[in-house]
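Generate coordinates for the sequence data below:
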Amino acid sequence: MSFINNNKFFKKSIDDELTKIGYKELNNENVKNKIFFCDVDYPNRNNPSFTLCQIVNQLEDINCLGNKKTQYHNHLKYYKKRPDYLPFTVPFCRDDIDEISQLFLGNPRESPKVYIVKPENDSFRNGVGIVRNKLELMSHLDEYYMYPDWIIQDYIDDPLLINGKKFHMRIYVIYIQTKDYQMAYLSDVGFIYTANKDFERETFDNEIVLSGESTPNNVFSVPDDFYRNFGKKVWDEKVKPQIVKISRETLLAVLDKLQCKGQAEKCFKILGYDILINNDYKCYLAEINARSITYKYPNEHFLDTFYRNILKLVLAKEPLTNKELKDKNIPFERILFNKSGQVTEHFSGDRIPDMRFSLNNEKIVKSQKFNNFYLKVVLPFLVLVLILIFILVYLKH
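Now for the predicted structure:
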């Protein structure tokens with residue numbers, strides 16, 4: 001069997017692991033036989049040869065997560081309300097400028113409400129800016145005239161700081177799908193990306209308000225550097241549970257829209273969640289990097305081990321449980337598993353669910369809660385009715 005490896009960040013890891021188990025790399029993509037494994041970049045995902053891949057790292061359509069407007073609408077449709085980890089968001093296009101300008105009415109000059117605007121379907125901070133009034137919004141749209149569709153969101157103006165700088169966390173989720181199941185694993189390791197300059201509340205220079213992997217000095221590790229700055233307890237008790245919730249719920253809202261590409265027997269996708277956090281340790285989803293992800297300045301350990309561990313997840317014949325992940329020393333946590341429309345989450349050790357979701361009717365089925373209700377309300381009520389009937393019969397005689 002053979003494999004195709006176009007990964008520009010982890011090529012060595014993929015080559016090493018697949019040749020070790022007897023597979024041969026193909027240099028010519030114009031092939032006619034089945035290919036065991038394909039790692040292809042997003043722009044080339046429609047190459048006809050990739051329809052022969054048994055395992056491929058692309059999905060049919062990822063816009064349900066990667067497009068900011070589509071992802072926001074999917075969330076609202078599924079949950080019927082805006083989750084608290086999504087800032088207030090309004091999608092709009094250029095023709096809506098007069099309607100969107102209503103957001104700025106009544107904005108005090110001394111301390112105006114601040115918004116962040118982003119193209120709905122781009123990444124790497126392209127076209128992102130801060131606006132406080134209609135004039136600034138129009139000026140920004142004119143500067144980035146190539147983007148027709150946008151979103152405008154509440155700006156997080158009380159960010160948590162590292163070394164005096166605003167930052168966001170890059171959290172990795174691995175989504176895997178076959179004809180039998182869908183599942184997601186949350187990586188234990190990620191990155192912190194800081195802004196270039198120290199934070200100043202009333203200054204909206206992009207070097208201050210936008211964080212990213214501009215230089216090696218902007219890059220820190222999750223969770224180690226978070227531990228050093230804010231403590232392990234804060235991470236374990238306040239931040240990590242929110243990250244699990246955000247990644248799980250965003251996927252849950254679109255499980256019915258995710259499909260493998262071509263005739264692949266198994267597909268997977270690395271998702272990069274960008275998480276903002278305020279000084280009360282409240283987490284917000286900035287965006288999901290679903291098309292392409294960059295790794296400009298990874299440390300050597302991450303570069304060597306990250307994809308090797310992903311291959312352990314992807315090549316496993318059966319889904320790995322959290323107990324198995326721990327036993328095999330694979331630094332991931334399984335956060336979601338769907339089979340036959342039943343989604344299991346909140347894993348504790350090995351396949352012990354606290355809650356199940358039915359995708360068919362989108363209702364939460366909580367058997368434990370029903371049993372408690374029956375025992376505490378229904379059963380006592382029936383007993384009371386029987387007692388009353390007994391008393392009435394006794395009085396009649």
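
Please count neighbours and contacts with C-alpha atoms only from this point.
Fine.

where in this structure is pLDDT low?
28-30, 345-378, 397 (pLDDT under 70).

What residues sit buried inside stretch 383-396?
For stretch 383-396, burial by neighbour count (16 or more other CA atoms under 10 Å) applies to no residue.

With just CA atoms, put that stretch into PDB.
Taking C-alpha atoms only, stretch 383-396 is exported to PDB below (Å, rounded to 0.1, in the frame of the first residue of the first chain):
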ATOM      1  CA  VAL A 383     -48.800   6.900  46.900                       C
ATOM      2  CA  LEU A 384     -50.700   9.900  48.200                       C
ATOM      3  CA  VAL A 385     -53.600   9.200  45.700                       C
ATOM      4  CA  LEU A 386     -53.800   5.600  46.900                       C
ATOM      5  CA  ILE A 387     -53.900   6.700  50.600                       C
ATOM      6  CA  LEU A 388     -56.700   9.200  49.800                       C
ATOM      7  CA  ILE A 389     -58.700   6.500  48.000                       C
ATOM      8  CA  PHE A 390     -58.200   4.200  51.000                       C
ATOM      9  CA  ILE A 391     -59.400   6.900  53.400                       C
ATOM     10  CA  LEU A 392     -62.500   7.700  51.300                       C
ATOM     11  CA  VAL A 393     -63.400   4.000  51.100                       C
ATOM     12  CA  TYR A 394     -62.900   3.600  54.800                       C
ATOM     13  CA  LEU A 395     -65.100   6.600  55.600                       C
ATOM     14  CA  LYS A 396     -67.900   5.300  53.400                       C
END
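
Can you tell me the element Val117 falls in?
Taking DSSP states H and E as the criterion, Val117 maps to strand 115-119.

quick one: strands adjacent to that strand?
strand 129-131 (antiparallel), strand 149-154 (antiparallel) (DSSP bridges).

now that strand: how far from the chain's centre is it?
Relative to its chain's centre, strand 115-119 lies at 19 Å (CA atoms, centre = their mean, to the nearest Å).

picking up where we left off before, in CSV, list the strands paired with strand 115-119 along with distance to Glu99 and mean neighbour count.
Formatted as CSV, the strands paired with strand 115-119 follow (distance: least, CA to CA, whole Å; neighbours: other CA atoms under 10 Å):
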stretch, distance to Glu99, mean neighbour count
strand 129-131, 16, 21
strand 149-154, 12, 19
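
Which among those strands is found nearest to Phe104?
Comparison of those against Phe104 by CA to CA identifies strand 129-131 as nearest, at 9.7 Å.

ok, and what's touching that closest one?
114-118, 137, 140, 155, 204, 206 (CA atoms under 8 Å, 6 or more residues apart in numbering).

I'd like the next helix or strand past it.
helix 134-143.

ok, now how distant is Lys134 from Asp98?
According to CA to CA, to the nearest Å, Lys134 stands 9 Å off from Asp98.

and the two? which has more neighbours close in?
Lys134 (17 against 10; other CA atoms under 10 Å).

got a list of contacts for the helix or strand harbouring Asp16?
Here Asp16, judged by DSSP H and E, is contained in helix 11-20. By CA under 8 Å, 6+ apart, the residues outside helix 11-20 that reach it are 3, 5, 24-25, 304-305, 307-308, 311.

For the helix or strand following it, name the packing helices and strands.
Counting by DSSP H and E, the element after helix 11-20 in chain order, helix or strand, is strand 24-25. Here strand 24-25 touches strand 2-5, helix 11-20, going by 3 or more CA pairs under 8 Å, 6 or more residues apart in numbering; DSSP states H and E.

Strand 24-25 pairs with which strands?
strand 2-5 (parallel).

Just name the most buried of the helices and strands packed on strand 24-25.
Most buried of the helices and strands packed on strand 24-25 by mean neighbour count (mean count of other CA atoms under 10 Å) is strand 2-5; its value is a mean of 21.

Work out the gap between that one and the centre of the chain.
28 Å.

same thing with stretch 379-397?
56 Å.

Give me the residues contacting it.
By CA under 8 Å, 6+ apart, stretch 379-397 touches no other residue.

same thing with stretch 295-314?
So stretch 295-314 is contacted by 9-10, 13-14, 17, 174, 176, 213, 215-216, 219, 268, 319-320, 330-331 (CA under 8 Å, 6+ apart).

Closest to Gln242 out of these?
The closest of the contacts of stretch 295-314, once distances to Gln242 are taken by CA to CA, is Ile174, at 17.4 Å.

Okay, the closest one and Tyr307: tell me how far apart.
Ile174 is 11 Å from Tyr307, by CA to CA.

Leu382 now?
Counting by CA to CA, the gap from Leu382 to Tyr307 is 59 Å.

Those two: which is more packed in?
Neighbours were tallied for Leu382 and for Tyr307 using other CA under 10 Å; the higher tally belongs to Tyr307 (19 against 11).

That one: which element?
Per DSSP H and E: helix 300-315 holds Tyr307.

mind listing what's buried in that helix?
Buried residues in helix 300-315 (16+ other CA under 10 Å): 303, 306-310, 313-314.

sorry, back to before: what about burial for the contacts of strand 129-131, which qualify?
The buried subset of the contacts of strand 129-131 - by 16+ other CA under 10 Å - is 114-118, 137, 140, 155, 204.

hang on, isn't Phe52 packed against Gln263?
One correction, residue 52 is Leu, not Phe. Yes - counting by CA atoms under 8 Å, Gln263 is a contact partner of Leu52 at 6.9 Å.

With neighbour numbers in mind, choose between the two.
More crowded of Leu52 and Gln263, by other CA under 10 Å: Leu52, with 20 against 14.

dump the residue contacts of the more buried one.
32-35, 262-264.

Kindly report the same for Ile152.
89-92, 115-118.

Give the bridge partners for the residue nearest to it when sequence neighbours are not counted, please.
Sequence neighbours aside, Val117 is the residue nearest to Ile152 in space, at 4.4 Å (criterion: CA to CA, 6 or more residues apart in numbering). Counting by DSSP bridges, Val117 forms beta bridges with Gly129, Ile152.

Thanks again, I'm all set now.
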